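> Quick one: sequence and predicted model below, then my questions.
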Amino acid sequence: MNVNKIEQTIELDKIKEMWQSYARNETVKRKITEFIPYLSETELKARMRETSESRELIEKCGNPPLESLSGIGELLAASERGECLYIDDLLKIESALITISRMKSYLERGQNYEISLAYYAENLEIFSELREAISVTIVNETVSDHASKYLQDLRYHITLAEDKMKERADAAIRSNKSYMADNFSTMRNGHMCIPVKTEYKYKIAGTVMGQSSSGATVFMEPTACAKYYEELQFLQLEEENEVRRILYELTAQIAEVAERIREDIILLEKLDFIFSKGKLSLELDACEPQITKERRIVLNEARHPLMEKKTCVPLQFKIGDGTQGIVITGPNTGGKTVALKTVALNCLMAQMGLHVCAKGAEICMHSNFLCDIGDGQNISENLSTFSAHITNVLDILQSVNEESLVIMDELGSGTDPQEGMGIAVAILEELKKSGAFFLVTTHYPEVKNYANRTEGIVNACMAFDKENLKPLYRMEIGAAGESCAFYIARRLGMPVSMLKRAAEEAYGKEYDIQLLEVDEDVARKKIASPRIRKEKKKKIVKQMEYKRGDSVMVYPDKKIGIVCKVAEEKGVLQVQLQKKKIWINHKRVKLHVPAEQLYPENYDFSIVFDTVEQRKMHHHMGRKYMEGEMIEWDDE
């Protein structure tokens, strides 16, 4: 099985992230990411001792003064190639030398407690002369005036030249006040300039170096200042050369001891790695496990490292001394998977030289750690839960040996229960033959029965509080667990008839039905559930049928009108009011007098509704064709 996948499955990757946070150097952090368990007993015991001693030193002397030393190796290599290290580079070297010195002092204090790790101080060399040379030469992130006598003289004469330029400029302003735009001098590209009104620029002896944005002022370098500018340029060039010479001299001093500094840095990185383990132990409130040559794992009040100590229920665990495998059963959410991860994670941490989260522990080494936890579905490879599970199992059986630790969750799950049970038993048989330690969880009662009758395999269960229906997250080795499904269902009020039917199907007619009795107060009653709210049918309002000529009352104004045109599909009428016609919804009118009571049969309504012109045109068009003529009816 892929190592990274195992780390993610049992959450070792999260432990490594926590561990990395206590390291200072990037090199050490990368080492932690790629770190794998030791396979040498001698080396593991030595590394475990370092973890314990680093924790003890931290407890007695506080956190070590370790700092990040990234980039120092490249600077040392550059100095050896004869390149010039600049101010920032030299300050980094100085910081590294200070860290070395402080770390040596820290370890020397630790020697008072006779802790072996503290004697690494003897291997650290402090470079007092070089450190002092850098600190004296570079002050406030610049090369100090006192770095050399020549540099001091140069900077004195530079200051003198600048003062003389300023004096000459001020004198030029005083003697030409009327030509000046202002009464102070300014620097322009290294030249000392005075502000002259543009119209007087030819009145001043000097060179124009620039002008204001408005063009009203020009900035001129007086001739008296020019000779000092040339002198200043020469002095500044000499100063730059002297500074470079001093930096080269410091770089050469570093190059002479670069290899020895590099050895110190390698040792500091090693100490950073060691102390990161001690810090992690303190953070987790962990303890040093005893690494035993016997095939045995004993965890006393073990905890999952990533769970809160206050809420985590300690795990008592033991395997070995005749017990090769443990089959854990019990209800879901009872902590079975957490128990598996707790055992595997603490064993892995121990084999990496880390302390374990327990009151005490005795752990043997393993040649490999094999696990199958989670459904493992892989959509891209079209693997079902069961297919992925079996693929993992077959990989495990190919790699397992008598020095392996195997953990499997929900053994035989993901398929037909009867066939899954058979496969689970077959897997346990193979694991037993391999001689490996194995820890599995299951729900199959047949697997529990197999463990009961098989030498070297024992049952264990996760305790459950039946009164409060809560898992206790406590493993009890030697006892087979119940699924508690019927019990939980009974306590939660499942009807007796349903429980009886379920029991008959699972165990047959002879099952003790009395166990399923339920108090009436507990039994669940039918409750009114929300109903679908069906869409209401829209009420169809029958339109009143009006006829042309009907006299109607128009609301809300209560005006009397006569229907000109009958209602459309949408129920809109055209009504003749005084001097105008309007369109109006039938709901806003009410029949006043029917047309038959107002007009004789076959009455010509055009007399009422049409204009004289419309009636004349209609008459002519009835007698003959009139080209280009048409009647316009008023639809207002």
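Okay, I see it.
> After the helix ranked longest in the chain, which helix or strand is next?
Counting residues, the longest helix found in the chain (DSSP state H) is helix 223-284. On the C-terminal side of helix 223-284, the closest following helix or strand by DSSP states H and E is strand 290-292.
> Now that next one: buried residues?
Applying a neighbour-count criterion of 16 or more other C-beta atoms under 10 Å, the buried positions in strand 290-292 are Ile291, Thr292. From N, CA and C alone the C-beta is placed, and that goes for glycine too.
> where does that strand sit relative to the chain's centre, distance-wise?
Distance, stretch centre to chain centre, for strand 290-292: 37 Å (C-alpha atoms, centre = their mean, to the nearest Å).
> Quickly run through the sheet partners of it, with directions.
According to DSSP bridges, strand 290-292 forms sheet pairs with strand 360-364 (parallel).
> Can you list the buried residues in the partner strand?
Quick answer for strand 360-364 (16+ other C-beta under 10 Å): Ala361, Glu362, Ile363, Cys364.
> and the spatially closest residue to the first one that is not a sequence neighbour, what does it touch?
Using C-beta to C-beta, 6 or more residues apart in numbering and skipping the chain neighbours, the partner closest in space to Ala361 is Pro289 (3.7 Å). In this structure, Pro289 makes contact with Met48, Asn346, Ala350, His355, Val356, Ala358, Ala361, Glu362, Ile363, judged by C-beta atoms under 8 Å, 6 or more residues apart in numbering.
> one more time with 6 Å
Contacts for Pro289 (C-beta atoms under 6 Å, 6 or more residues apart in numbering) come out as Ala350, Val356, Ala361, Ile363.
> Now tabulate those in a markdown table and tack on pLDDT.
Output for the contacts of Pro289, formatted as a markdown table (pLDDT from 0 to 100):
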| residue | pLDDT |
| --- | --- |
| Ala350 | 97 |
| Val356 | 97 |
| Ala361 | 96 |
| Ile363 | 96 |
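> so which of those residues comes closest to Gln574?
Closest approach between these and Gln574, by C-beta to C-beta: Val356, at 95.8 Å.
> name the element the closest residue to the closest one other than its chain neighbours belongs to?
Spatial nearest neighbour of Val356, excluding adjacent residues (C-beta to C-beta, 6+ apart): Asn346 at 4.3 Å. Assigned by DSSP H and E, Asn346 belongs to helix 336-351.
> Now tell me what touches that helix from outside.
So helix 336-351 is in contact with 10, 12, 37, 289, 302, 304, 315, 317, 328, 356, 363, 365, 369, 405, 407, 409, 439, 441, 462, 475, going by C-beta under 6 Å, 6+ apart.
> what mean pLDDT would you report for stretch 96-107?
For stretch 96-107, mean pLDDT is 96.
> Equivalent analysis for stretch 59-68, please.
95.
> Quick one: end-to-end distance for it.
End-to-end distance for stretch 59-68: 22 Å, by C-alpha to C-alpha, to the nearest Å.
> coming back round to it: can you check what angle separates the helix holding Asn346 from strand 360-364?
If you take axes from the mean of the first three to the mean of the last three C-alpha atoms, to 10 degrees, helix 336-351 sits at 80 degrees to strand 360-364.
> quick check: angle from helix 336-351 to helix 223-284?
120 degrees.
> Tell me which stretches of the stretch 101-250 of the chain form strands.
For the stretch 101-250 of the chain, applying DSSP state E, counting those that start in this stretch gives strands covering 138-139, 142-143, 186-188, 191-197, 206-211, 217-222.
> what do you get for the stretch 351-500 of the chain?
Under DSSP E, counting those that start in this stretch, the stretch 351-500 of the chain gives strands at 360-364, 368-372, 404-408, 437-441, 457-465, 470-477.
> What number of residues are in the vicinity of Trp583?
13 (other C-beta atoms under 10 Å).
> go on, the one 4 residues further on?
Number of residues near Lys587 (other C-beta under 10 Å) recorded here: 11.
> Then the one 3 residues further on?
When counting by other C-beta under 10 Å, one arrives at 12 neighbours for Lys590.
> Pro556 now?
What Pro556 shows, counting by other C-beta under 10 Å, is a neighbour count of 6.
> Name the SS class of it, please.
coil (DSSP: H, G, I helix; E, B strand; the rest coil).
> for the residue nearest to Ala361, phi and psi?
Note on Pro289: backbone dihedrals following degrees, to the nearest 10 are phi -80, psi 150.
> And it, how far from Gln351?
9 Å (C-beta to C-beta, to the nearest Å).
> can you check Ala258 too?
Taken as C-beta to C-beta, the span from Ala258 to Gln351 is 38 Å.
> These two: who's more crowded?
For Ala258 versus Gln351, the count of surrounding residues by other C-beta under 10 Å is larger for Gln351: 23 against 20.
> What pLDDT is listed against that one?
pLDDT, read off for Gln351, is 96.
> if I look at it, how far off is Ser367?
In terms of C-beta to C-beta, Gln351 sits 10 Å off from Ser367.
> in what helix or strand does Asn63 lie?
Using DSSP H and E, Asn63 falls within no helix or strand.
> What count of nearby residues applies to the residue nearest to it when sequence neighbours are not counted?
Once flanking residues are discounted, Asn63 sits nearest to Lys279: 7.5 Å by C-beta to C-beta, 6+ apart. Lys279: 19 surrounding residues under other C-beta under 10 Å.
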